[in-house]
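J.: Here is a sequence with its predicted model. Questions after.
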Amino acid sequence: IITGGIELSVGSVVALLGTLFIDFIAVRGMGWPIAFVLILVLGAIIGLAHGWLITRLKLQPFVVTLCGLLIYRGVARFYTADGTAGFAFGQNFPDL
């Protein structure tokens, strides 16, 4: 925002990386410190790709991050088969 651009894809990036983080730990049996570092690296790669597209190819930040939003959200939804994970409301919080 300071430089005149806006970041629209941050929520979708967090959703995708969160999905991958849990998958690395729960499904693939990876230790959480290794999974955490891997997720940080993947996030940095995504950020570097956005920065490269904006600075080197002179694309508009709005367009780059809007496309990223749609791509990352789509990948996360595809990866989870459009499903959600959670718990029953009263199961862990009976007083709420």
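T.: In hand now; what should we look at? Note that the structure is a prediction, hence the values are computed from the model and not measured. Numbers count the residues shown, from 1 in each chain.

J.: list the contacts for the residue nearest the centre of the chain?
T.: Closest residue to the average C-alpha location of the chain: V13 at 2.3 Å, with CA atoms, centre = their mean. By CB atoms under 8 Å, 6 or more residues apart in numbering, V13 lies in contact with 43, 46, 68, 72. Heads up, the C-betas are built off the backbone N, CA and C, glycines and all.

J.: What separation is there between it and K58?
T.: Distance of V13 to K58, computed by CB to CB, to the nearest Å: 22 Å.

J.: next one: A35
T.: Counting by CB to CB - A35 and K58 are separated by 36 Å.

J.: Tell me which of these two has more neighbours.
T.: Remark: of A35 and K58, A35 carries more neighbours, 19 against 7, as counted by other CB atoms under 10 Å.

J.: Contact partners for that one?
T.: 21, 24-25.

J.: related to what we said a few turns ago, would you indicate which residues of the strand or helix carrying the residue nearest to the centre of the chain are buried?
T.: Assigned by DSSP states H and E, V13 falls within helix 10-22. For helix 10-22, the neighbour count (16 or more other CB atoms under 10 Å) marks 12-13, 15-17, 19-21 as buried.

J.: what's the answer for stretch 45-62, then?
T.: 46, 50, 53-54, 61.

J.: Contacts for it next, please.
T.: Against stretch 45-62 from outside (CB under 8 Å, 6+ apart): 3-9, 13, 64-65, 68, 72.

J.: Among the residues you listed, which are located in helices?
T.: Among the contacts of stretch 45-62, DSSP state H puts 13, 64-65, 68, 72 in helices.

J.: could you redo these as TSV and give each row pLDDT and distance to G31?
T.: Formatted as TSV, these follow (pLDDT from 0 to 100; distance: CB to CB, whole Å):
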residue	pLDDT	distance to G31
V13	97	23
V64	95	34
T65	94	32
G68	96	29
Y72	96	25
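
J.: Throw those into JSON lines and include distance to A81, thanks.
T.: What follows is these, written out as JSON lines (distance: CB to CB, whole Å):
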{"residue": "V13", "distance to A81": "20"}
{"residue": "V64", "distance to A81": "28"}
{"residue": "T65", "distance to A81": "26"}
{"residue": "G68", "distance to A81": "22"}
{"residue": "Y72", "distance to A81": "16"}
